[in-house]
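J.: output the structure for:
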Amino acid sequence: MRKTRQTSGERIVKDIKRKTRKRYSAEEKIRIVLDGLRGEESVAELCRQEGISQGLYYKWSKDFLEAGKKRLAGDITRQANTSEVKGLRSEARELKECVAELTLENRLLKKSILGDGDEDE
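T.: As a prediction, the model looks like this:
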């Protein structure tokens, strides 16, 4: 078996194809899979229209159906997205500040009730 070396031109073309490859959002993938499941046109025709290979369509379809099956069975936990994580961190920080303020107020009130603070709390 003979190995063929890629010429620099072939590598450049491959790099361009990789960088200009269309990236599909989750919503686009779902739409395409659902169009295929409806069966109004053949999978081959749908793939030609969308500019994807049939192998990619079937991979998306399998992933879609497996995720649905797991979700319905309750076996999956949803991953938080970046904005949710930032929001939760902000909320946690605010709650910690609130707890610190209340703790300080509580200590000050105890000291004022007990007098000068010489007695045990």
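J.: domain parsing for the chain?
T.: 22-78, 81-115 (automatic domain parsing).
J.: can I get those in CSV including mean neighbour count and mean pLDDT?
T.: No exception for glycine: its C-beta is placed from N, CA and C like everyone else's. Supplementary listing: the domains of the chain in CSV, determined by neighbours: other C-beta atoms under 10 Å; pLDDT from 0 to 100:
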stretch, mean neighbour count, mean pLDDT
domain 22-78, 12, 90
domain 81-115, 10, 92
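J.: out of those, the one nearest Gly9 is which?
T.: Taking C-beta to C-beta as the measure, these were each checked against Gly9, and domain 22-78 came out nearest at 23.1 Å.
J.: what secondary structure does Leu56 sit in?
T.: What DSSP: H, G, I helix; E, B strand; the rest coil gives for Leu56 is helix.
J.: not counting its neighbours along the chain, what's nearest it?
T.: Counting by C-beta to C-beta, 6 or more residues apart in numbering, Cys47 is the residue found nearest to Leu56 once chain neighbours are left out, at 7.8 Å.
J.: ok, back up a step: Throw the domains of the chain into a markdown table and include distance to Arg11, thanks.
T.: Formatted as a markdown table, the entries for the domains of the chain read as follows, by distance: least, C-beta to C-beta, whole Å:
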| stretch | distance to Arg11 |
| --- | --- |
| domain 22-78 | 21 |
| domain 81-115 | 34 |
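J.: would you mind measuring from the residue nearest to Leu56 to Lys17?
T.: The gap separating Cys47 from Lys17 is 18 Å, by C-beta to C-beta, to the nearest Å.
J.: thought Val33 was touching Tyr58?
T.: No. With contact defined as C-beta atoms under 8 Å, Val33 and Tyr58 do not form a contacting pair (9.5 Å).
J.: can you pull up the most central residue in the chain?
T.: Among the residues of the chain, the one closest to the centroid is Asn81, at 5.1 Å (C-alpha atoms, centre = their mean).
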